[in-house]
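Q: Have a look at this prediction, sequence included:
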Amino acid sequence: MLGGFRHRLRLLPSVFFRLELLLRGVKWCPPLHLVGRPWLSLASGSEISLGPGVTLDSSRRANPLGGSMPCILKTLSSKAIIRLGKEVGVSSSSLVAGNRIEIGEGTLVGAGGLIMDNDLHKLDPRGRWQNEYVQTSRPIKIGRNCFIGARAIILKGVTLDDHVVIGAGAVVTKSFGPGAVVAGNPGRQVGTLPGV
Ligand SMILES: CC(C)(COP(=O)(O)OP(=O)(O)OC[C@H]1O[C@@H](n2cnc3c(N)ncnc32)[C@H](O)[C@@H]1OP(=O)(O)O)[C@@H](O)C(=O)NCCC(=O)NCCS
């Protein structure tokens, strides 16, 4: 009986977190699994949508690697879109879009990941302090059932086909085909999943 009470007590904050997402204009379909409080923010007119069964793990304790930060999903321009498909799981990672980030059904993003479709600042040293989210942005598309390893970085313009595996700490600057196993900086294909 006490166990059931504790379980309900643990679920209570996620009710408030869901309400917060609704108030911020995030579109989500139930069930939505929120572990800890994610930080989601939308530029006016932009879109963040979470398919059914999405999990956002923002807690230090729930992930075996000990997440060091909440999940951060931010749209930075009025036309930006972040879409997570059915049963996508994200742990303690940042997704930041000036244009578009789409992640397909069943893909997992491991702890400490960073997915950014723009450079956030101008590269021209004369305008370095100005934020620039749109001009440098190129959409990122990640397919179905991919596995993005811990602390990987996915940069602008990358398309990953279905079943791609990205190794821990990889910096991915190019696109890869179905079932590619990618590792290193810059990310290179080190294998292919059998049977894909
Ligand atoms: C990418 C990964 C899945 C590949 O596993 P694998 O298919 O068993 O590959 P191997 O261990 O046989 O390695 C293949 C080659 O890639 C290299 N490699 C593997 N992972 C690497 C990585 N993360 N960074 C750099 N190089 C890597 C290996 O050194 C090896 O190189 P070699 O052929 O020159 O010897 C795995 O190494 C990895 O990074 N796992 C981490 C998953 C993770 O982050 N989980 C937590 C999520 S929260």
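A: Nice, I can see it.

Q: just checking, Gly179 touches Leu193?
A: Yes - contact status for Gly179 versus Leu193: in contact at 3.9 Å, counting by CB atoms under 8 Å. C-betas here are computed from N, CA, C, even on glycine.

Q: Buried residues, stretch 79-86. List them.
A: The neighbour-count check on stretch 79-86 (16 or more other CB atoms under 10 Å) flags 80-85 as buried.

Q: got these as JSON lines, with secondary structure columns?
A: Formatted as JSON lines, the buried residues of stretch 79-86 follow (DSSP: H, G, I helix; E, B strand; the rest coil):
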{"residue": "Ala80", "secondary structure": "coil"}
{"residue": "Ile81", "secondary structure": "strand"}
{"residue": "Ile82", "secondary structure": "strand"}
{"residue": "Arg83", "secondary structure": "strand"}
{"residue": "Leu84", "secondary structure": "strand"}
{"residue": "Gly85", "secondary structure": "coil"}
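
Q: which pair in those spans the largest distance?
A: Comparing every pair within the buried residues of stretch 79-86 by CB to CB identifies Ala80 and Gly85 as the most remote, at 17.4 Å.

Q: picking that back up, ok, so of the buried residues of stretch 79-86, who is nearest Gln130?
A: Among the buried residues of stretch 79-86, and counting by CB to CB, the member closest to Gln130 is Ala80, at 17.7 Å.

Q: now that closest one: how far from Pro30?
A: Ala80 sits at a distance of 24 Å from Pro30 (criterion: CB to CB, to the nearest Å).
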